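>>> sequence and predicted structure, then a few things I'm wondering about:
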Amino acid sequence: MITVRISFKKRNEASYISLLDLQRVMQRVLKRSGLPVWHTLGFNPHIYMTFACPLSLGQESECECVDVKTEAEAPDFAQWQTALNAIVPTGIEVYRVEPVKMKADAIAYACYRIRYPASAAPLLEQYNTLDSVPVEKKSKRGARMVEMKAYVPALTLEPEGESVSFAVCLPAAQELNLNPSLLTAALEARFGLSAASASILRTEFLTADKQKFQ
């Protein structure tokens, strides 16, 4: 049995598909595709699927992936990609299908491109003058304070016409997973920059040694 990784982009209106709905969408897409995917056993068999690092609602991504299994001996992955792209919802694009090379728990960092209106540049530059930016991270185990400056020491702004953007890489491991919305919320609290005016795009995953996750 082969474990197959389906890598896809999630852009525009698809960014508002929640993880639970995305699971349902992928179940239906895989069933409609007729691809030889493996189903779990028991009274309620369903397609085995594992998603890496669920994305927050409203955030876009160029590097989402879901793992499935197949008992096919020699899958035609190009045909898988074509079959899936023919029926996935608007905003989702499968760009690679291949056997799994790294387990999902190898992911240590997630990198993002965050964009604001160009008028926000002077306020964003003030972040670089701060010595400390503590943020509160909430989880099922309770709340904890995290020093954002330890992970984002400075913002390197890149003008893009009517917008300005910067890149950040944040921990995305089981021990610590920081959502970029913590940063946009801190910028709103400090400088009055509306978090709703920021667009967040996840660009890639990295391993602990900063190698690209595949």
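That came through, no problem.

>>> I'd like to know which elements the longest helix that the chain contains is packed against.
Ranked by residue count and defined by DSSP state H, the top helix of the chain is helix 19-33. Contacting helix 19-33 under the criterion 3 or more Cβ pairs under 8 Å, 6 or more residues apart in numbering; DSSP states H and E are the following elements: strand 50-51, helix 77-85. C-betas here are computed from N, CA, C, even on glycine.

>>> dump the residue contacts of the nearest residue to Lys149 once chain neighbours are set aside.
Using Cβ to Cβ, 6 or more residues apart in numbering and skipping the chain neighbours, the partner closest in space to Lys149 is Val133 (5.1 Å). Val133 makes contact with Tyr127, Glu147, Met148, Lys149, Val152, Ala186, Arg190 under the criterion Cβ atoms under 8 Å, 6 or more residues apart in numbering.

>>> could you pull out the helices for the protein?
For the chain, the helices defined by DSSP H cover 19-33, 77-85, 121-126, 180-191.

>>> okay if I get these as a markdown table plus mean neighbour count and distance to Lys10?
Formatted as a markdown table, these follow (neighbours: other Cβ atoms under 10 Å; distance: least, Cβ to Cβ, whole Å):
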| stretch | mean neighbour count | distance to Lys10 |
| --- | --- | --- |
| helix 19-33 | 15 | 8 |
| helix 77-85 | 16 | 13 |
| helix 121-126 | 14 | 26 |
| helix 180-191 | 18 | 15 |
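
>>> so which of the ones you listed comes closest to Glu162?
Of all those, helix 121-126 sits nearest to Glu162, with 11.4 Å by Cβ to Cβ.

>>> tell me the helices and strands packed up against the closest one.
Using 3+ Cβ pairs under 8 Å, 6+ apart: helix 121-126 touches strand 163-171, helix 180-191.

>>> now it, how far from the chain's geometric center?
26 Å (Cα atoms, centre = their mean, to the nearest Å).

>>> got it, and stretch 5-19?
The mean C-alpha position of stretch 5-19 is separated from the chain mean by 9 Å, Cα atoms, centre = their mean.

>>> what average pLDDT does that stretch get?
On average, the pLDDT along stretch 5-19 is 96.

>>> tell me the buried residues in that stretch?
For stretch 5-19, a neighbour-count test (16 or more other Cβ atoms under 10 Å) marks Arg5, Ile6, Ser7, Phe8, Lys9, Lys10, Ala14, Ser15, Ile17 as buried.

>>> what's the span of that stretch, first residue to last?
This stretch, stretch 5-19, spans 17 Å end to end (Cα to Cα, to the nearest Å).

>>> again, but for stretch 130-150
By Cα to Cα, one end of stretch 130-150 lies 12 Å from the other end.

>>> longest strand in this protein, please.
Longest strand in the chain, counting residues (DSSP state E): strand 60-70.

>>> now do it, average pLDDT.
For strand 60-70, the per-residue pLDDT averages 96.

>>> compute the inter-axis angle for it and helix 19-33.
50 degrees (axes from the mean of the first three to the mean of the last three Cα atoms, to 10 degrees).
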